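**Q** next input, structure requested:
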Amino acid sequence: MNSGGCVWKAAGDYTRGVGRDLAAKAAGSAHGPWKLANSLALAIALPNAYFDSLGIPGLAGGR
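**A** Next up is the predicted model:
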């Protein structure tokens, strides 16, 4: 299993609103982290608002 799969599996029941099928699809993806960063699963689990609430500045000027 790739490292992305381990992260999702380690999360257990803490899917952060991502459905089981979508999480499995993202975890089993052969794409690298930069490609997965733009995936629907991560957009649901870690929206920009989450990072804004932590005070983390965005990399793009549109945020």
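
**Q** which parts of this structure are helices?
**A** Ranges of helices within the chain are 3-11, 20-27, 33-36, 40-45, 48-53, based on DSSP state H.

**Q** show me the residue sitting in the middle of this protein in space.
**A** L42 (2.6 Å; Cα atoms, centre = their mean).

**Q** least confident of the helices of the chain, on average?
**A** Lowest mean pLDDT within these: helix 3-11, a mean of 52.

**Q** nearest to A60, out of the helices of the chain?
**A** Comparing these against A60 with Cβ to Cβ, the closest turns out to be helix 48-53 (9.3 Å). All C-beta spots, glycine's among them, are computed from the backbone N, C-alpha and C.

**Q** what's that closest one packed up against?
**A** Under the contact definition 3 or more Cβ pairs under 8 Å, 6 or more residues apart in numbering; DSSP states H and E, helix 48-53 sits against no other helix or strand.

**Q** look up how far L59 lies from V18.
**A** Separation of V18 from L59 (Cβ to Cβ, to the nearest Å): 23 Å.

**Q** who's more crowded, the two?
**A** V18 (22 against 6; other Cβ atoms under 10 Å).

**Q** okay but that one is in contact with S39, surely?
**A** No - counting by Cβ atoms under 8 Å, V18 does not reach S39; the two are 9.9 Å apart.
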